[in-house]
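Asker: Give me the fold of what follows.
(one chain, ligands or ions: 1)
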Amino acid sequence: MPPKAADRGKVDTATRDQLLGALRRFVNERLRPAEAAVAEADQVPPDIVDDMKQLGLFGLSIPEQYGGLGLSMEDEVLACMELGRTSLAFRSVFGTNVGIGSQGLLMFGTDAQKQRFLPGIASGEITTSFALTEAEAGSDAASVRTRAIRDGDYYILNGSKRFITNADTASLFTVMARTAPNIAGASGVSAFLVPRDLAGLSVGKPERKMGQQGAHICDVIFEDVRVPAANLLGEEGQGFRIAMRVLDRGRIHIAAVYTGTADRLIADSVAYAAGRKQFGQPIADFQLVAAMIADSKTEALAARALVLETARRRDSGADVTLEAAAAKYFASEMVGRVADRAMQIFGGAGYIEDYGIERFYRDVRIARIYEGTSQIQQIVIARETMKRGG
Ligand code: COS
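Answerer: Here you go, the predicted model:
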């Protein structure tokens with residue numbers, strides 16, 4: 001059943017379809033031809049970043065009153081599916097602004113905080129970053145050790161964060177830090193809006209990683225960083241719950257992106273299988289190859305349905321902790337299987353660089369790890385299912 005008009009954001013269907021068409025053209029004409037060069041240089045060129053800003057990509061999810069496009073979650077996932085059809089590094093450049101870097105502020109910020117930062121986030125003038133993970137706090141996110149000790153009108157931050165996406169370009173961090181050192185768990189954690197230019201904040205070099213070259217992750221170090229108390233997000237002690245709310249939403253976004261990537265890999269597999277001849281016929285005509293395409297397509301359709309349904313539920317105001325975890329779990333595992341089948345269909349051609357399949361194979365591996373591993377999603381799904389009684 002199609003969603004009720006009231007469930008949509010402010011964007012009407014015609015405008016939404018226009019945007020999706022523009023994104024598809026942008027992906028096909030601008031991003032896909034640049035995939036190999038971006039991977040080689042480990043950098044998305046500034047002119048492409050400028051084009052992304054022009055298209056409104058940094059502000060997809062930011063309300064129109066702050067200069068964004070104000071997409072509903074449903075419309076955002078459709079946009080993500082388009083953007084997932086190219087190298088994942090491109091999406092990463094603006095992904096934090098659309099999702100984990102801005103949503104804490106949107107959901108829990110004061111009017112003054114929103115007025116100050118959201119217009120710059122929507123235009124792309126401000127790049128945001130979400131700083132939760134630490135060396136000793138990955139899956140166990142409630143165990144963060146970075147401290148924020150109140151000192152008059154300031155909090156003094158000390159500690160370090162790890163694997164922080166877009167830290168090298170970010171000018172605003174959402175930082176989860178412990179304001180109550182005597183409280184070990186989630187309740188001792190608070191969230192802060194931390195501008196990059198505060199004294200004592202430094203960013204490490206981008207890590208060299210297995211895939212997604214062009215998307216950068218770095219350490220962020222805080223040495224006696226004086227953060228104005230006005231930059232506290234929500235209330236003291238709410239930081240972990242804010243992070244979880246942000247991740248609930250982020251997991252839907254990620255699931256949509258990788259559903260788009262699966263679509264891309266299936267399209268590439270179909271094109272290759274139709275053109276590649278062995279034993280005197282296209283390999284697509286062999287049933288064992290066709291079966292791989294059928295399995296990939298079926299799983300991609302299932303992910304699409306789950307992601308869309310979850311996004312619609314969120315737009316309606318329902319709690320989607322369970323569904324978001326399920327969507328992220330299924331889509332990220334699914335795209336791994338689809339990439340593996342694509343490699344099998346391409347054979348030796350998939351294993352060399354020229355066709356881009358080995359790059360996608362490496363790129364999608366992180367999907368099962370970041371924004372909560374598959375095992376964390378299983379824990380969340382099981383807990384929520386038991387809470388709901390089935
Ligand atoms: N929304 C709102 N509140 C939430 C929540 C959610 N999705 N999940 C948990 N909370 C609340 C709980 O209700 C609890 O509050 P009360 O103490 O008031 O009951 C509090 O947060 C602590 O929750 P919980 O006891 O479940 O915390 P755990 O330490 O057991 O951790 C998991 C829960 C494992 C789910 C969490 O640590 C997690 O998601 N880890 C993965 C982190 C991650 O994704 N990292 C990726 C890097 S960030 S890009």
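Asker: okay, CA-based contacts and neighbour counts for the rest of this
Answerer: Fine.
Asker: how about the residues of this protein near the ligand?
Answerer: Among all residues of the chain, those adjacent to the ligand (criterion: CA under 6 Å from any ligand atom) are 132-133, 138-142, 186, 241, 244-245, 248, 321, 370-372, 376, 380.
Asker: Drop anything exposed from those residues.
Answerer: Buried residues within these, defined by neighbour count using 16 or more other CA atoms under 10 Å: 132-133, 138-139, 141-142, 186, 241, 245, 248, 321, 371-372, 376, 380.
Asker: Which of the residues of the chain next to the ligand fall in helices?
Answerer: Taking DSSP state H as the definition of helices, the residues of the chain next to the ligand contribute 241, 244-245, 248, 321, 376, 380.
Asker: after the helix or strand hosting F163 comes which helix or strand?
Answerer: Under the criterion DSSP states H and E, the helix or strand holding F163 is strand 154-165. With elements assigned by DSSP H and E, the helix or strand that comes after strand 154-165 is strand 172-178.
Asker: how far is that following strand from where the chain is centred?
Answerer: Using CA atoms, centre = their mean, to the nearest Å, the mean C-alpha position of strand 172-178 is found 18 Å from that of the whole chain.
Asker: which parts of the helix or strand that comes right after it are buried?
Answerer: Scanning forward in sequence from strand 172-178, with DSSP H and E defining helices and strands, the next element found is strand 189-195. Judged by neighbour count using 16+ other CA under 10 Å, the buried positions of strand 189-195 are 189-195.
Asker: Dihedrals phi and psi, L232?
Answerer: Main-chain dihedrals, L232, degrees, to the nearest 10: phi -60, psi 130.
Asker: List the contacts of it.
Answerer: Under the criterion of CA atoms under 8 Å, 6 or more residues apart in numbering, the neighbours of L232 are 190-193.
Asker: Tell me the one of the residues you listed nearest the ligand?
Answerer: If you rank these by distance to the ligand using CA to the nearest ligand atom, S190 comes first, at 11.8 Å.
Asker: Retrieve the pLDDT associated with the closest one.
Answerer: Predicted confidence (pLDDT) for S190: 98.
Asker: Distance check, it against V220.
Answerer: Look at S190 and V220: by CA to CA, to the nearest Å, they are 17 Å apart.
Asker: Look up the closest residue to I221, ignoring the ones flanking it.
Answerer: The shortest distance from I221 to any residue other than its chain neighbours is 4.3 Å, reached at S160 (CA to CA, 6 or more residues apart in numbering).
Asker: Relative to the ligand, how far out is that neighbour?
Answerer: Distance of S160 to the ligand, computed by CA to the nearest ligand atom, to the nearest Å: 14 Å.
Asker: Give me the number of neighbouring residues for that residue.
Answerer: The burial count assigned to S160 is 23, neighbours taken as other CA atoms under 10 Å.
Asker: pLDDT value on it, please?
Answerer: Model confidence at S160, expressed as pLDDT, equals 98.
Asker: what sits against it?
Answerer: 134, 146, 219-222.
Asker: now with 10 Å?
Answerer: The neighbourhood of S160, defined by CA atoms under 10 Å, 6 or more residues apart in numbering, consists of 131-135, 144-147, 177, 201-203, 219-223.
Asker: now L288
Answerer: Neighbour list for L288: 294, 345 [criterion: CA under 10 Å, 6+ apart].
Asker: what's the spacing between whichever strand or helix holds it and its chain's center?
Answerer: Counting by DSSP H and E, the element that carries L288 is helix 287-315. The gap between where helix 287-315 is centred and where its chain is centred comes out at 19 Å by CA atoms, centre = their mean.
Asker: before we move on, what about stretch 200-219?
Answerer: Going by CA atoms, centre = their mean, where stretch 200-219 is centred and where its chain is centred differ by 16 Å.
Asker: what do you get for stretch 244-255?
Answerer: Going by CA atoms, centre = their mean, the spacing between the C-alpha centre of stretch 244-255 and its chain's C-alpha centre is 8 Å.
Asker: and if you look at stretch 195-213?
Answerer: With CA atoms, centre = their mean, you get 17 Å for stretch 195-213.
Asker: any idea how far the residue at the greatest distance from the centre of the chain lies from M343?
Answerer: Relative to the centre of the chain, the most outlying C-alpha is that of G280, 43.8 Å out, by CA atoms, centre = their mean. In this view, G280 and M343 are 22 Å apart by CA to CA.
Asker: sorry, back to before: paired strands for the strand holding F163, with orientation please.
Answerer: With DSSP bridges as the criterion, the sheet partners recorded for strand 154-165 are strand 147-151 (antiparallel), strand 217-228 (antiparallel).
Asker: Out of the ones you listed, flag the one nearest E309.
Answerer: When the strands paired with strand 154-165 are compared by CA to CA, strand 217-228 sits nearest E309, at 31.1 Å.
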